[in-house]
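Asks: Based on what follows, work out the 3D shape:
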Amino acid sequence: MELVETPEKSGGEIKRCIEKFGCTPEHNYAYFLTAADNGARNIFLKSDDGFGIFANYRESAREVVMISEVIAPREKQVGVLKEALDMCFSQLKIRKFVVEQDDALRAKTLMSFKGNGYAALQPRFSLYWPVFNMEKWAGDEMPGDDWKKLRNIKNRFYNEHSVEVVDSSTVGSEKLKKIVADWVERRKLMGLGTNRKDSNLAYHERYLKMIELGFEGTKFATTMVVDGEPCSITCGWEIPNSDGSYYSAIGISNYSCEGLGEVANLDDLHRLKESGYSTVDFGGSPMPLLKFKLKFRPHFVYVTHTYAIVKK
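Replies: Residues are numbered from 1 along each chain as shown. I've put the predicted structure just below:
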């Protein structure tokens, strides 16, 4: 296992790893470059077999936080994680290695700890990931009583406002950053938490970095302009090796008018259905945000748990 301390200088190698073994929504190199928040720095852990791990290293806390799953076939992930644990605890002298896994992978990891010197702490928080089957999703036409409420919101919104959807790259970066700032401030006023187990408020730094990078690595990045004012940002990318799946990574708005969040997300899903994607992953959410996303009628929800691994 090799520690790559400057992953921004190893883009070609890391992209080849993702192209060959990437399998989850957050296996995206450009996204990885934006993901160091609150004083952390990005590191890439590379195995001798060509597999990899995205991670943040918080040196002051002596903690490594893995981003998404290991970039490897699922049956190899626990073994690669063990290599990473051995290297990080010995070379970086960390106290904790934090991972995010679904139930099945967490159970397999915990089983592997028997007799190997590691232990898992209780999960810090869980996230809920709604997924849409786009062949079955009817939110483009919204027929019947099931869609009545959203249909009324959408019709009222377009009747009361002048609406244009543009590529976010055509909107000035300062205007886009203002959308993020307004989103952050409004969420504070709404009483949502400031850590990820309550909301994704604390992770807005990466949105600013995405804007600065010109939405590098995204497939679609769109902004809804309402009555002449840029009001939303939705963007995402194709999930590697997934046979037509898309990750809608960001969906934020400045809350400037009623129904904006619903309409911006409907527009995003409609575009993705027209583009022919088989499934759309709407991202990991704490329970309050999941309740909002359920309005759009996803077909299933999977769960991931974030927990720390320590030396016994």
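Asks: C-alpha only now, for contacts and for neighbours.
Replies: Will do.
Asks: Helices of this protein, start to end?
Replies: Here the chain has its helices, by DSSP state H, at 11-21, 29-34, 77-87, 103-112, 148-160, 173-189, 205-212, 260-274, 287-293.
Asks: which one of the ones you listed lies closest to residue 55?
Replies: Nearest to residue 55, of all the helices of the chain, is helix 29-34, at 8.4 Å by CA to CA.
Asks: what mean pLDDT does the closest one have?
Replies: For helix 29-34, mean pLDDT rounds to 95.
Asks: send the alpha carbons of that helix over as CSV?
Replies: C-alpha atoms of helix 29-34 as CSV (Å, rounded to 0.1, in the frame of the first residue of the first chain):
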residue,chain,number,x,y,z
TYR,A,29,-11.7,12.5,-9.4
ALA,A,30,-12.8,16.1,-9.7
TYR,A,31,-15.2,15.6,-6.8
PHE,A,32,-12.3,14.1,-4.7
LEU,A,33,-10.2,17.2,-5.3
THR,A,34,-13.0,19.4,-3.7
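Asks: let's have the chain start at 30 instead
Replies: Happy to do that; since the first residue is 30 now, the last one works out to helix 58-63.
Asks: From the chain's centroid, how far away is it?
Replies: Counting by CA atoms, centre = their mean, to the nearest Å, helix 58-63 is centred 11 Å from the centre of its parent chain.
Asks: same question, stretch 259-276
Replies: Computed by CA atoms, centre = their mean, the chain-centroid distance of stretch 259-276 equals 10 Å.
Asks: Which positions in that stretch come out as buried?
Replies: 259-269, 274-276 (16 or more other CA atoms under 10 Å).
Asks: Dump the C-alpha coordinates for the lengthiest strand in the chain into CSV.
Replies: Looking across the chain with DSSP state E, the single longest strand is strand 329-340. The C-alpha trace of strand 329-340 is given here as CSV (Å, rounded to 0.1, in the frame of the first residue of the first chain):
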residue,chain,number,x,y,z
PHE,A,329,-35.9,2.4,-3.3
VAL,A,330,-33.6,3.8,-0.6
TYR,A,331,-30.3,2.3,0.6
VAL,A,332,-28.5,3.2,3.8
THR,A,333,-24.8,3.8,4.6
HIS,A,334,-23.2,4.1,8.0
THR,A,335,-20.2,6.2,9.0
TYR,A,336,-18.1,4.8,11.8
ALA,A,337,-14.5,4.8,13.1
ILE,A,338,-12.1,1.9,13.2
VAL,A,339,-9.5,1.9,16.1
LYS,A,340,-6.6,-0.2,17.3
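Asks: Looking at it now, give me its mean pLDDT.
Replies: 97.
Asks: Against which helices or strands is that strand packed?
Replies: Here strand 329-340 touches strand 125-131, helix 132-141, strand 147-149, strand 154-162, going by 3 or more CA pairs under 8 Å, 6 or more residues apart in numbering; DSSP states H and E.
Asks: Adding mean pLDDT and mean neighbour count, write those out as JSON lines.
Replies: Formatted as JSON lines, those follow (pLDDT from 0 to 100; neighbours: other CA atoms under 10 Å):
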{"stretch": "strand 125-131", "mean pLDDT": "97", "mean neighbour count": "21"}
{"stretch": "helix 132-141", "mean pLDDT": "95", "mean neighbour count": "14"}
{"stretch": "strand 147-149", "mean pLDDT": "96", "mean neighbour count": "17"}
{"stretch": "strand 154-162", "mean pLDDT": "96", "mean neighbour count": "20"}
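Asks: With distance to residue 196 as added columns, please give these in a markdown table.
Replies: What follows is the helices and strands packed on strand 329-340, written out as a markdown table (distance: least, CA to CA, whole Å):
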| stretch | distance to residue 196 |
| --- | --- |
| strand 125-131 | 32 |
| helix 132-141 | 37 |
| strand 147-149 | 44 |
| strand 154-162 | 23 |
